[in-house]
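S.K.: show me the folded form of this:
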Amino acid sequence: MVTALTAAALPVRIVTDLAHGGRWTSLRAGDREWLWHRDEPRRAGVAPGDAFADAGGLEECLPTVRGVPDHGDVWSRPWRRENGGDGADGADRVDHPDFRLTRRIGGGPGGGAVVDYRLTAAPGYRFLWAAHALLDVSRDGRIELPPGAQALHYPDGGARREPFTWPSAGGTGDGTRARFDLLGPDDGTASGAVVDAATATVHDGSDRLRFALDVSGQPASIALWRNLGGFPEGAPYRSIGVEPMLGRVFDLATAGEGDAARVPASGEVRWRLTVTAAGASAATAASASNRRTLDGIG
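M.R.: Residues are numbered from 1 along each chain as shown. Now for the predicted structure:
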């Protein structure tokens, strides 16, 4: 007997750690954990202004990604669960001298996760935000973005950037262009990109993970970090970042007009991140994959 397999929607479950920057410690779809992790002893004791402590997972980066403060100023601050007063029941919250960020995690269609954000600050305040997700993806993984999307390639850890058209970026030495969407084995390189797109799908074998960003009146992008054993110098490791983002550059200090989000006269910016997943599943069991098992744990 042959059982037909189909890519069925899978329930998404998110676990967070409010005490340590609101970090997503788990993003599970069905039996698969999508977030990559590494041991980083410094992570538990960080304070605002500290150098980034890369333990993997998904870190909330705001008001910048690169630059100062390193990976922003909310990943290193404790968050707390809101308990009413301003319509934010059930939301996670972090306070900063310049802004307040709230985040509410809930269920979406087909068992997906819907994450609603609200930033309040003085009108005119400029910022970048990224859901800095480091994913556990094999060398056969592939990142799907809209073909022909305009992008910036960051060939190293600095501010230097080069425009390209997705998915080809950077020279290979023989006159051809490297495919940024294909991961492959470790080759000792590490580079980033910011792509003018609001959706990204990661394919790994029969599994798929999709991020979709919805925001009005603000620049939306997908930031990528493709570290194939080229970073950090002296003790490199492999890490793959797919990061829905408000803004068009990594460093707020380099943002030109239109490159960063800006708080309007209302004093707030709202946006939504939707996370869905699919994987190989027996066709007869596809309906069971629609169950919701989404948790936001502080």
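
S.K.: what strand or helix carries the spatially most central residue of the chain?
M.R.: Taking Cα atoms, centre = their mean, the centroid of the chain lies closest to Glu243, which sits 2.8 Å from it. Following DSSP states H and E, the helix or strand that holds Glu243 is strand 237-246.

S.K.: what about that strand, average pLDDT?
M.R.: The average pLDDT for strand 237-246 rounds to 98.

S.K.: and the residue nearest to the centre of the chain, what does it touch?
M.R.: Residues in contact with Glu243, defined by Cβ atoms under 8 Å, 6 or more residues apart in numbering, are 61, 65, 130-133, 222-225. Bear in mind the C-beta positions are built from the backbone N, C-alpha and C, glycine included.

S.K.: same check, this time on Val74
M.R.: Residues 21-22, 60-62, 94, 96, 101 are the ones in contact with Val74 under the rule Cβ under 8 Å, 6+ apart.

S.K.: for Ala19, which three-state class applies?
M.R.: The three-state assignment at Ala19 reads helix, by DSSP: H, G, I helix; E, B strand; the rest coil.

S.K.: surely it and Ser76 touch.
M.R.: No: between Ala19 and Ser76 there is no contact under Cβ atoms under 8 Å: 11.6 Å.

S.K.: more neighbours: the two, which one.
M.R.: For Ala19 versus Ser76, neighbours defined as other Cβ atoms under 10 Å are more numerous around Ser76 (22 against 12).

S.K.: Three-state assignment for the more buried one, please.
M.R.: When the structure is reduced to helix, strand and coil (three-state DSSP), Ser76 reads as coil.

S.K.: ok, it to Phe250 distance?
M.R.: In this structure, Ser76 lies at 18 Å from Phe250, with Cβ to Cβ, to the nearest Å as the measure.

S.K.: excluding its backbone neighbours, what's nearest Gly110?
M.R.: Counting by Cβ to Cβ, 6 or more residues apart in numbering, Gly110 lies nearest to Ala9, which is 4.1 Å off, once chain neighbours are set aside.

S.K.: repeat that for Ser239.
M.R.: Counting by Cβ to Cβ, 6+ apart, Ser239 lies nearest to Asn227, which is 4.6 Å off, once chain neighbours are set aside.

S.K.: burial of that neighbour, as a residue count?
M.R.: Neighbour number of Asn227 under other Cβ under 10 Å is 21.

S.K.: wait, it touches Ala190, no?
M.R.: Yes: counting by Cβ under 8 Å, Asn227 does reach Ala190; the two are 4.2 Å apart.

S.K.: common neighbours of those two, please.
M.R.: The contact lists of Asn227 and Ala190 share Pro236, where a contact means Cβ under 8 Å, 6+ apart.

S.K.: quick one on the thing from earlier: so for whichever helix or strand comes after the strand holding Glu243, mean pLDDT?
M.R.: Past strand 237-246, heading to the C-terminal end, the next element that is a helix or strand (DSSP H and E) is strand 261-262. Model confidence over strand 261-262, given as mean pLDDT, is 98.

S.K.: centre of the chain to strand 261-262, how far?
M.R.: In terms of Cα atoms, centre = their mean, to the nearest Å, the centre of strand 261-262 is set 18 Å apart from its chain centre.

S.K.: can you tell me the strand partners of it and which way each runs?
M.R.: Next to strand 261-262 in the sheet, as set by DSSP bridges, lie strand 126-127 (antiparallel).

S.K.: what about the nearest residue to Ala19 once chain neighbours are set aside, neighbour count?
M.R.: Using Cβ to Cβ, 6+ apart and skipping the chain neighbours, the partner closest in space to Ala19 is Pro78 (5.4 Å). The local packing count at Pro78 equals 13, with neighbours defined by other Cβ under 10 Å.
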